[in-house]
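Asker: Sequence first, predicted model second:
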Amino acid sequence: MPLLLRLALLASLGVGAQPTDSLAQVADSTSATDSPPLADSTAAGRPEPLAVETLSDSAAAELDSLAVASLSDSTETVSNALAEGIDVTLVGRVLFRIWGGLGDLSLNQRAERLSARLGELAQSREIDPTTLRVVDGRTLTTIQVGDVIVMTVTDDDAAALGLRRSLAATRYRAQIVEAVLEYREQATLRGVLWGLAYSLLALVVLVVALRLLGRAFAWLDTRTVALRRLYLRGIQIGTLEVVGKDQVSRFGRALVGLARLAISLVFVYTFLTFAFGQFPWTQSWSHNLLDAALTPLRQLGAVLLSSVDNVIAILVIIVVVRWIMQISDYLFQRVARGEAELAGFHADLADPTRKIVKFLLVVMGLMLIYPYTPIADNRGFQGLTVFFGLLLSLGSSTAISNMVAGVVLTYTRAFRIGDRVRMGEVFGDVVEKSFLVTRVRTTKNEDISVPNANVLSNHIVNYSRMAREGSGVILHTEVTIGYDVPWPQVHQLLTQAARDTAGIETEPPPFVLQTGLGDFSVAYQLNAYTREVTRMARLYSDMHQNIQDQFAEAEIEILSPTYGAYREGPSTVPDAAALRDDEGRRAATTPTSATDGADAAPEVDPADLPDVALPRFLRGKARGDEAAES
């Protein structure tokens, strides 16, 4: 019988014969062959294992050429390099995958034509799919019905499956037969009725699921109302409330509503996919819906799997950097609390140093992570990075200088938050110190932001440091008293005024310096220690009040005496007529005494002058006070 089968096949294939393209002719061609069927159909319509027919070399070569011609429009051969597989479908249902082209057909064209041929086979009731047979050629293996080739299996297909070509063709044949029989079963009246029944059952399940979902979310909303009222807070940046509590609550409820809607859409989408899959005419819709949902997930999974090494490297970097940051925080916090000491490192530098180290660790971690991210090889992102780099380097020189000055100020320990300082012309309390600016609140309640570069270039007077670390800050003020008042008395009055001022330290005691001996008065400078540097303006005011009170009780005027005198004689004005007559000659004139002319000014009695304009010894002389005159 095998010999007769080979002779019949050779007679049907003749030289130059063309394969039959229409599957409608398969019934006649199969009846004309004298070979028995290669497999019998079971009661369930499932194929049994088949024997593979092997042809002679000449017949196999002829079969290979016909297999190529059955799908291609020409016999021009192209490279059949192993390519990525593509799905072959039957009315939208994926049956299997094929690899590599055939003849002048690309992989996609081959899959499209094979899918179309399988569709014709499934819709043709005249062809029994169990009569499909596998014929092994020299380089190709065919699956055919009679003389009609349904599918051609190549070495690339077999290599991708890891099987011999004949075994791969047998597997393909079994999948084709099963799919065609299932399709025909669904296309019968019985299959349609079962499909309707399954669809109605799925619809009932969908309605019940949506009702249960609505009740579940309603119950969840009522149970979380009290919790939202107790624990929900608005979003704040510092003391500024950006988003209120009610807005956050509404946003949370909106998110819950979106989650409910998304789950409902998933239920409906699943029902439509299932219902369309119950009928052969809508199975393609079902497969399209399923592919639309699964394709992004497959792509995401493929991307994640392909980047597992990068993800592991990123996770390792994050873990190591966080571990180093925790160790750094622990060490610097111990130094700040005084539990540990570093030689030459002050405790007040621990916190800013901790922040700087944490910032540098974060930057280093980002630099290590960047090569493992998908955007590292993106040319657009690289160009954007170069642009921002140039923008930063050209436009941020001032910002960089301020940042460097901020770091330098941190480690010079020139001041800290809360100190009363003077920076150039700015006097007040430091309320904020950042890498870019230092904010000072003046005694007039004005906030002044000073760039750190300006702070570093000017001298800084820190009043709080001596109050904190030394004996205190010296407040000093100056008064001028006449020579007629004994200086010990002035010293006693000034120091008593300082001691009467609340906030002035008694130890070290206040002291007085004589800073100058003027023509008419002595300059006395009162110096007093205080630690309340934030009350300097009030202390000066109180001390000035006490000085006035002390001198008033001692009946001593606080003034700088000045003296005035009246001219004793006429004014001498040059004669204008004489100057005109004697041009070129300038006469030197000298003032004459009070007795030289009749126009002399009258003598003024000092007693007639007001007392306030005279010093005490002149007032005594005018009044005949002998003690004052001596």
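Answerer: Cool, got the structure. As the structure is a prediction and not an experimental result, all values here were calculated from the model.
Asker: So the spatially most central residue of the chain, which state does it fall into?
Answerer: Central residue of the chain (C-alpha atoms, centre = their mean): Leu366, 11.8 Å from the mean position. What DSSP: H, G, I helix; E, B strand; the rest coil gives for Leu366 is helix.
Asker: ok, now the one 3 residues further on?
Answerer: Three states are possible here, and by three-state DSSP the one that applies to Ile369 is helix.
Asker: Which per-residue confidence value corresponds to it?
Answerer: On the pLDDT scale, Ile369 is placed at 90.
Asker: Check the one 10 residues further on too.
Answerer: Per-residue confidence at Arg379 stands at 76 (pLDDT).
Asker: Please, which helix or strand holds Phe427?
Answerer: Element membership of Phe427 [criterion: DSSP states H and E] is strand 426-433.
Asker: Name the residues of that strand that are buried.
Answerer: For strand 426-433, the neighbour count (16 or more other C-beta atoms under 10 Å) marks 426-430, 433 as buried. In this view, the C-beta of every residue, glycine as well, is placed from N, C-alpha and C.
Asker: From Lys433, how far out is the residue nearest to the centre of the chain?
Answerer: Distance from Leu366 to Lys433, counting by C-beta to C-beta, to the nearest Å: 26 Å.
Asker: check contacts around Leu513.
Answerer: Contact analysis of Leu513 by C-beta atoms under 8 Å, 6 or more residues apart in numbering lists 524-525, 527.
Asker: Is it located within a helix, as I assumed?
Answerer: No. With three-state DSSP as the criterion, Leu513 is assigned strand and is not in a helix.
Asker: partners of the strand holding Phe427, with directions?
Answerer: Pairing partners of strand 426-433, with direction, according to DSSP bridges: strand 420-423 (antiparallel), strand 437-442 (antiparallel).
Asker: What are the buried residues along the longest one?
Answerer: It stands for strand 437-442. Those would be 437-440, for strand 437-442 by 16+ other C-beta under 10 Å.
Asker: With the shortest one instead?
Answerer: Buried residues in strand 420-423, counted by 16+ other C-beta under 10 Å: 420-421, 423.
Asker: which residues does Lys433 bridge with?
Answerer: Thr438.
Asker: Name the nearest residue to Ser464, sequence neighbours excluded.
Answerer: Asp419 (4.0 Å; C-beta to C-beta, 6 or more residues apart in numbering).
Asker: What ranges in the chain fall below the confidence cut-off?
Answerer: Within the chain, the ranges that satisfy pLDDT under 70 run 1-84, 92, 187, 191, 225-245, 395-396, 560-630.
Asker: Identify, by residue count, the longest helix of it.
Answerer: helix 189-231 (DSSP state H).
Asker: Tell me if I'm right that Val362 and Val321 touch.
Answerer: Yes. With contact defined as C-beta atoms under 8 Å, Val362 counts as touching Val321 (7.4 Å).
Asker: higher neighbour count, those two?
Answerer: Val321 (18 against 12; other C-beta atoms under 10 Å).
Asker: now the more buried one: how far from Ala313?
Answerer: 13 Å.
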